[in-house]
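S.K.: Quick one: sequence plus predicted model below, questions after.
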Amino acid sequence: MRGGEPQAASGVTAGPGERGPPAASAESRSGGVVREVLSRPERTKLDSGDDRDFYGMPRFVKHVDDTFLSQVTELYRQRVPPGGAVLDLCSSWVSHLPPEVKYSKVVGHGMNATELARNPRLDALFVRDLNSGPDGWEAADQSFDAVLCCVSVQYLQQPERVFAEVYRVLKPGGVFIITFSNRLFYNKAISAWRDATGYARCQLVRQYFQSVAGFTAPEVLTKVAKQDGGGGGGGGGGGPLAAVLGPVAKLFQRSSSDPFYAVVAYRNFKRE
């Protein structure tokens, strides 16, 4: 999560690093947390100080490179329905949504009001610390077509409850898109995430989805191809040498950029 002034949630019974209800009493209904993924030690951070202090100063930077962000935008272009209502969770001063697509509303959540106020895509915003208040958001049931979370899932200490709350606010068929790379504020990431491999992190996020009854089977992506088939310029762009060097250049670009990971699932079913 990026940025400043957290607000307490009503009805919160477990603090950061604490377990929620035991598995035996977990809700089995759709949207309920059916099991806990993380143990108490796995939820801990090296920096246990107040997140309000860490995120209190605005950071008007992009935390990953443009190659990574272009794939995020393309994924949003393909999976977020035009004209839909969007919740950008753990947002900041930029949302990475495709600029040409119009949505009915875009609501931004974050930890710094100054960053969120600079985001031109937001129609509304709210500030909340999801580690101390993972649920009880002031959002109506089934009010969003898509929930997005870019390069911030690694900071969630109570991901099961956050994912259950995302389920609550998603419309049936709505999509939840998690994207991340290997960059992070190391001292603020949870123990289970800090030194894990990219594969292990993808599996961890898959388990977050599976801890909540009602999400579809989570889909893991490491690359997003453009669907328009354009942008390549067709043939004749440099002759035989270009045909040989083009794939090599693409391989080098991918290996030198921030690795891309996405985990995607839907509430109940995937819209066609």
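M.R.: Okay, I see it.

S.K.: next one: the top strand by length along the chain to chain centre, how far?
M.R.: Across the chain, the strand with the greatest residue count (assigned by DSSP state E) is strand 170-180. How far strand 170-180 lies from its chain's middle: 9 Å, per Cα atoms, centre = their mean, to the nearest Å.

S.K.: State the next helix or strand along the chain beyond it.
M.R.: helix 191-194 (DSSP states H and E).

S.K.: what does that next one rub up against?
M.R.: Helix 191-194 is touched from outside by Leu38, Pro41, Glu42, Arg43, Thr44, Lys45, Leu46, Gln154, Leu184, Tyr186, Arg201, Leu204, with contacts defined as Cβ atoms under 8 Å, 6 or more residues apart in numbering. Every residue, glycine included, has its C-beta placed from N, CA and C.

S.K.: now swap in stretch 70-77 and tell me
M.R.: Around stretch 70-77, the neighbours that count as contacts under Cβ under 8 Å, 6+ apart are 96-98, 101, 146, 148, 150, 177, 179, 221, 223-226, 260, 262, 264.

S.K.: For the longest strand of the chain, which outside residues touch it?
M.R.: 72, 75-76, 79-80, 142-154, 163, 166-167, 201, 205, 209, 215, 260-271.

S.K.: now do 7 Å
M.R.: Strand 170-180 is contacted from outside by 72, 75, 79-80, 142, 144-151, 153-154, 166, 201, 205, 261-271, using Cβ atoms under 7 Å, 6 or more residues apart in numbering.

S.K.: Let's test this: mean pLDDT of that strand, rounded?
M.R.: In this model, strand 170-180 has an average pLDDT of 98.

S.K.: neighbouring strands for that strand, and are they parallel or not?
M.R.: strand 144-150 (parallel), strand 261-266 (antiparallel) (DSSP bridges).

S.K.: Tell me which of those sits most buried.
M.R.: strand 144-150 (a mean of 25; mean count of other Cβ atoms under 10 Å).

S.K.: Low-confidence regions, the stretch 51-200 of the chain specifically.
M.R.: 54-56, 58-63 (pLDDT under 70).

S.K.: Tell me where the stretch 151-272 of the chain has helices.
M.R.: 159-169, 191-194, 198-210, 239-256 (DSSP state H, counting those that start in this stretch).

S.K.: now do the stretch 1-150 of the chain
M.R.: 51-54, 66-79, 113-117.

S.K.: Which one, of those, ends up nearest to Ala196?
M.R.: Minimum separation from Ala196 across the helices of the stretch 1-150 of the chain (Cβ to Cβ) falls at helix 66-79, 18.4 Å.

S.K.: contacting residues for Glu160?
M.R.: By Cβ under 7 Å, 6+ apart, Glu160 lies in contact with Gly20, Val33, Glu36, Val37, Tyr208, Ser211, Val212.

S.K.: Of those - the most surrounded one?
M.R.: Among the contacts of Glu160, the one with the most neighbours (other Cβ atoms under 10 Å) is Val212, at 27 neighbours.

S.K.: that older thread, mind checking which of the contacts of stretch 70-77 are buried?
M.R.: Among the contacts of stretch 70-77, the ones that count as buried by 16 or more other Cβ atoms under 10 Å are 96-98, 146, 148, 150, 177, 179, 221, 224, 260, 262, 264.

S.K.: How about the residue nearest in space to the middle of the chain, nearest residue that isn't a chain neighbour?
M.R.: Nearest to the mean C-alpha position of the chain, by Cα atoms, centre = their mean, lies Cys149 at 2.0 Å. Nearest residue to Cys149 in three dimensions, chain neighbours excluded: Leu89, at 4.5 Å (Cβ to Cβ, 6 or more residues apart in numbering).

S.K.: That neighbour - how many residues pack around it?
M.R.: 28.

S.K.: which ones are touching Phe260?
M.R.: Phe260 neighbours (Cβ under 7 Å, 6+ apart): Phe68, Gln71, Ser181, Thr222, Lys223.
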